[in-house]
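Engineer: Got a predicted structure plus its sequence, pasted below:
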Amino acid sequence: MDQIVIQGGRPLRGEVRTSGAKNAALPILASTILGAGECVLSNMPRVVDVLTMGKLLGMLGVAVTHEGDHTIVQAQTVASTEAPYDLVRTMRASVLVLGPLVARLGEAKVSLPGGCAIGSRPVNFHLAGLEKMGATVEIEHGYIRATARRLKGCRIYFDTPSVTGTENLMMAAVLADGTTVLENAAKEPEITDLATFLVKRGARILGAGTDMVTIEGVTALHGADHEVIPDRIEAGTYLIAGAITGGQVVVERCRTEHMEPLLVKLRESGVELTEEKERVCLKVTGRLKGTNVRTCPHPGFPTDMQAQFVALMAVSEGTSVVTETIFESRFMHVEELRRMGADIRVEGNRVVITGKEQLTGAPVMASDLRASAGLIVAGLAAEGTTEVSRVYHLDRGYELLEEKLRALGASVERRKGT
Ligand code: EPU
């Protein structure tokens with residue numbers, strides 16, 4: 001297995017360009033199933049999860065081709081309605097094909113996603129929502145089987161906002177008979193991007209990006225062109241990489257309005273930030289201060305930035321408390337950061353961090369995508385060599401990570417494994 005080897009301690013300097021958002025690209029790709037017209041997608045990040053979704057579409061008989069920077073998808077006919085276990089087990093977001101398949105073809109057989117390193121991640125909201133829309137849903141031999149002649153619009157209330165749950169049911173509702181109202185829906189910018197794309201294709205959706213989304217069903221969708229929004233989590237990861245190394249970094253081509261909760265917390269800890277059109281300039285002078293953070297659904301502080309922020313707090317002055325409210329066991333990076341000399345105590349769903357002047361490089365193991373990003377930024381700041389193993393997690397969601405970090409002056413190499 002590949003490793004990323006970092007010689008830490010170099011302040012990062014320079015400019016880095018944000019790639020397209022993985023978590024917008026995935027539902028947008030899945031939604032192409034909903035209609036026959038050609039869709040031309042740009043700013044698609046070249047990361048493993050997006051390739052996996054392309055592969056899944058291919059298995060369903062949808063044509064996916066790449067021309068220059070564009071991904072062209074044509075779902076003229078959808079030949080299969082099955083998302084197999086071997087693929088779903090590598091990427092939970094495969095469940096996003098469930099809503100579109102039932103809506104367009106009246107049936108879907110999608111492997112039920114299994115366990116996950118960040119806690120139990122049920123899909124009960126997705127299933128209950130489809131049932132409420134009139135589908136028959138059964139779990140058989142590890143697969144979700146859903147069938148419906150035509151889905152019917154209805155009111156669906158989420159006990160807690162779910163990102164992919166909102167996306168799946170919004171996609172299903174686009175072709176349903178009548179009006180669907182999603183209440184207590186998730187409000188992430190990636191949901192708004194999906195809705196923007198669907199509306200370009202002829203869908204009728206109001207309120208995406210708020211907690212009440214209203215979808216009036218139509219009978220068919222046509223093709224459209226769409227540019228995926230920039231990845232706010234990738235952009236935030238580079239800001240933290242700049243901050244933790246005491247550097248001076250400009251993150252280009254990002255949407256600062258999507259990053260407000262992180263920018264507020266960075267400023268609170270003493271980072272100097274200048275927001276310009278589609279870019280953020282970061283400068284650090286002196287040691288940063290510890291600050292408290294609580295992850296929440298958007299527009300709260302994103303759980304996908306928690307591991308990177310914990311790494312930053314590990315070298316900031318004083319005590320910080322980081323509380324995780326979205327996933328039940330998303331602190332796997334903590335033991336690894338301790339191996340680098342961090343002083344962090346886990347207390348239930350929160351960590352108490354006492355900032356150290358300096359971390360020391362160590363061999364560490366990545367457990368999921370964002371935990372890996374947390375270890376990488378810690379390694380950039382640590383004295384000596386950090387070897388991060390299981391980097392396939394990083395490849396799922398960060399495009400050209402080593403190249404981008406090297407362009408900022410970091411010493412980062414990939415050591416090929418056997
Ligand atoms: N939940 C349920 N039942 C459901 C669905 C969700 O109880 O049917 C709970 C979850 O267990 C969790 C909470 O609701 O406690 C929120 O989970 P959500 O459904 O919003 O998470 P998700 O849709 O599975 C997406 C992102 C994650 C990101 C979370 C939270 C995609 C493809 N994935 O997951 O991204 O952490 O929202 O913002 O959009 C990542 O990119 O590294 C990643 C994990």
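Structural biologist: Yes, it's here. Numbering: from 1, shown residues only.
Engineer: Contact residues of the chain facing the ligand?
Structural biologist: Taking Cβ under 6 Å from any ligand atom, the part of the chain that reaches the ligand is made up of 23, 26, 93, 121-126, 160, 162-165, 186, 303-304, 326-327, 369-370, 397. For glycine as for every other residue, the C-beta is placed from the backbone atoms N, C-alpha and C.
Engineer: try 5 Å
Structural biologist: Applying Cβ under 5 Å from any ligand atom, we find that the chain lies next to the ligand at 23, 93, 121-125, 160, 162-165, 303-304, 369-370.
Engineer: May I have the predicted confidence score for the residue of the stretch 251-400 of the chain found nearest the ligand?
Structural biologist: Distance from the ligand to each residue of the stretch 251-400 of the chain (Cβ to the nearest ligand atom) is smallest for Leu369, at 4.2 Å. In this prediction, Leu369 carries a pLDDT score of 94.
Engineer: and if you look at Ile118?
Structural biologist: Among the per-residue scores, Ile118 shows a pLDDT of 75.
Engineer: thought it was touching Asp368?
Structural biologist: Yes: taking contact to mean Cβ atoms under 8 Å, the distance of 5.5 Å between Ile118 and Asp368 places them in contact.
Engineer: So for these two, which residues contact both of them?
Structural biologist: Shared between the contact lists of Ile118 and Asp368 (criterion: Cβ atoms under 8 Å, 6 or more residues apart in numbering) are residues 330, 332.
Engineer: returning to that earlier point: I'd like to know which of the residues of the chain next to the ligand are buried.
Structural biologist: Among these, those classed as buried by 16 or more other Cβ atoms under 10 Å are 23, 93, 121, 123, 125, 162-165, 303-304, 369-370.
Engineer: so who does the residue of the stretch 251-400 of the chain closest to the ligand touch?
Structural biologist: Counting by Cβ under 8 Å, 6+ apart, Leu369 makes contact with 393-394, 396-398.
Engineer: Export these to JSON lines and append columns for neighbour count, secondary structure and pLDDT.
Structural biologist: What follows is those, written out as JSON lines (neighbours: other Cβ atoms under 10 Å; DSSP: H, G, I helix; E, B strand; the rest coil; pLDDT from 0 to 100):
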{"residue": "His393", "neighbour count": "22", "secondary structure": "helix", "pLDDT": "92"}
{"residue": "Leu394", "neighbour count": "25", "secondary structure": "helix", "pLDDT": "94"}
{"residue": "Arg396", "neighbour count": "20", "secondary structure": "coil", "pLDDT": "95"}
{"residue": "Gly397", "neighbour count": "26", "secondary structure": "coil", "pLDDT": "96"}
{"residue": "Tyr398", "neighbour count": "27", "secondary structure": "coil", "pLDDT": "97"}
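Engineer: mind showing which ranges of the chain have poor pLDDT?
Structural biologist: 115, 418 (pLDDT under 70).
Engineer: ranges for the helices of it?
Structural biologist: Along the chain, counting by DSSP state H, helices occupy 22-31, 48-59, 85-88, 98-105, 124-132, 163-174, 189-200, 232-244, 260-268, 306-313, 332-339, 369-381, 392-395, 401-407.
Engineer: among the ones you listed, which is nearest Glu15?
Structural biologist: Closest approach to Glu15 among those (Cβ to Cβ): helix 401-407, 8.0 Å.
Engineer: Any idea how far that closest one is from the middle of the chain?
Structural biologist: The offset between the C-alpha centroid of helix 401-407 and the centroid of the whole chain comes to 20 Å, using Cα atoms, centre = their mean, to the nearest Å.
Engineer: Give the other helices and strands that that helix contacts.
Structural biologist: Using 3 or more Cβ pairs under 8 Å, 6 or more residues apart in numbering; DSSP states H and E as the contact criterion, the neighbours of helix 401-407 among helices and strands are strand 13-17, helix 369-381, strand 411-415.
Engineer: To Leu282, which of the ones you listed lies closest?
Structural biologist: Taking Cβ to Cβ, strand 13-17 is the member of the helices and strands packed on helix 401-407 nearest to Leu282, at 10.4 Å.
Engineer: how about that closest one as PDB, C-alpha atoms only?
Structural biologist: Provided in PDB are the C-alpha atoms of strand 13-17 (Å, rounded to 0.1, in the frame of the first residue of the first chain):
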ATOM      1  CA  ARG A  13       3.800  29.700   0.800                       C
ATOM      2  CA  GLY A  14       2.000  30.400  -2.500                       C
ATOM      3  CA  GLU A  15      -1.200  29.800  -4.300                       C
ATOM      4  CA  VAL A  16      -3.300  26.700  -4.600                       C
ATOM      5  CA  ARG A  17      -6.400  26.200  -6.800                       C
END
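Engineer: So what are the sheet partners of that strand and their directions?
Structural biologist: According to DSSP bridges, the neighbouring strands of strand 13-17, each with its direction, are strand 248-252 (parallel).
Engineer: Nearest spatial neighbour of Leu408, chain-adjacent residues omitted?
Structural biologist: By the measure of Cβ to Cβ, 6 or more residues apart in numbering, the closest residue to Leu408 outside its immediate chain neighbours is Leu12, 4.1 Å from it.
Engineer: Surely that neighbour and Ala407 touch.
Structural biologist: No: counting by Cβ under 8 Å, Leu12 sits too far from Ala407 to count as a contact (9.5 Å).
Engineer: how many neighbours does Arg414 have?
Structural biologist: Using other Cβ atoms under 10 Å, Arg414 has 14 neighbouring residues.
Engineer: so it sits right up against Ile6, yeah?
Structural biologist: No: judged on Cβ under 8 Å, Arg414 makes no contact with Ile6 at a distance of 10.6 Å.
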